[in-house]
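Colleague: need the 3D shape of this:
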Amino acid sequence: MLADRGCQSTIPAAAIVVIDPLAFFIKTMSTSAQPELASGGETDHGIVLEGRRKMLVEDALSLFQCKANLELFKRGWREDAVFADPIALATGFKQYAAQWFGMPAAFPASETLAWKVVKSEPGLIEFELRQKYTVALIKTTKVMSSLVHIELDSDEFVTRFEDRWDAKPLSTGGIATMLRGLNAKTMPFLISVPKA
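Modeller: Sure, this is the predicted structure:
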């Protein structure tokens, strides 16, 4: 089992309710039958990666554990990369960094239970993830399963990072996509991202 562990945030408590009510709602209310992702991933991490690809997956796990830092983005992400999940569609460093640095406000603790690399191809890494979140305000825990889809450029920098909850494809149009974009544009005004 990987270390989590306590996420730390300098975001005022009053801002928690404003920052990501959609994340709060979805993470706490969406349950039902989740696919069995990262089966055996407590000890068997799937395809063995080396070098830069290994680093990128380790960095991704750190992000899910609320351990965002500037060096991680500098060494692994393009400035114009896209981060997408069911509640955000963030383009460029200002937007995607705010999503990760803002995570501790909604989830003061986050622990990786299991992970398994299922695909490693030119320009692409995918791994399955089971993550246990402590939800702010109500202090309950919620286990989420995801398929993490990472697209890379020719120098193996992240160009697109998708967190697909329950391995479901992300929406590509309509009001949901508009709200995801609005979330991404709002977060930088609420979250203080450290300066280099």
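
Colleague: show me what contacts the residue nearest the centre of the chain?
Modeller: The centre of the chain sits closest to F64, judged by C-alpha atoms, centre = their mean, with a distance of 5.1 Å. Neighbouring residues of F64 by C-beta atoms under 8 Å, 6 or more residues apart in numbering: 110, 112, 129, 131. Using the backbone N, CA and C atoms, a C-beta is placed for each residue, glycine as well.

Colleague: find the nearest non-adjacent residue to K168, please.
Modeller: P86 (7.9 Å; C-beta to C-beta, 6 or more residues apart in numbering).

Colleague: where does the prediction get shaky in this structure?
Modeller: 1-35, 189, 196 (pLDDT under 70).

Colleague: how about the strands in it?
Modeller: Assigned by DSSP state E, the chain shows strands spanning 77-85, 88-91, 109-121, 124-135, 140-152, 158-165.

Colleague: and the biggest helix by length in the chain, what does it pack onto?
Modeller: Identified as the longest helix of the chain according to DSSP state H is helix 174-190. Secondary-structure packing of helix 174-190 (3 or more C-beta pairs under 8 Å, 6 or more residues apart in numbering; DSSP states H and E): helix 13-19, strand 88-91, helix 93-101.

Colleague: tilt between that helix and helix 93-101?
Modeller: 90 degrees (axes from the mean of the first three to the mean of the last three C-alpha atoms, to 10 degrees).

Colleague: what residues sit buried inside helix 174-190?
Modeller: Neighbour counts over helix 174-190 (16 or more other C-beta atoms under 10 Å) mark 180, 183-188, 190 as buried.

Colleague: repeat for stretch 69-83
Modeller: In stretch 69-83, counting by 16+ other C-beta under 10 Å, buried: 72-73, 76-78, 81-83.

Colleague: farthest-apart pair in those, please.
Modeller: L72 and V82 (16.8 Å; C-beta to C-beta).

Colleague: which of the strands of the chain sits most buried?
Modeller: Across the strands of the chain, the average number of neighbours (mean count of other C-beta atoms under 10 Å) peaks for strand 88-91, which reaches a mean of 23.

Colleague: partner strands of that one and their direction?
Modeller: Looking at strand 88-91 with DSSP bridges, its partner strands are strand 77-85 (antiparallel).

Colleague: so how far is the partner strand from its chain's centroid?
Modeller: Mean-position distance between strand 77-85 and its chain equals 11 Å (C-alpha atoms, centre = their mean, to the nearest Å).

Colleague: which residues touch it?
Modeller: By C-beta under 8 Å, 6+ apart, strand 77-85 touches 89-93, 95-96, 99-100, 153, 157-165, 170, 180, 184.

Colleague: if we use 7 Å, what do you get?
Modeller: Under the contact criterion C-beta atoms under 7 Å, 6 or more residues apart in numbering, strand 77-85 has outside partners 90-93, 96, 99, 153, 157-163, 165, 170.

Colleague: any idea how far the spatially closest residue to K185 that is not a sequence neighbour is from S146?
Modeller: Once flanking residues are discounted, K185 sits nearest to Q95: 6.8 Å by C-beta to C-beta, 6+ apart. To S146, Q95 is 20 Å away according to C-beta to C-beta, to the nearest Å.
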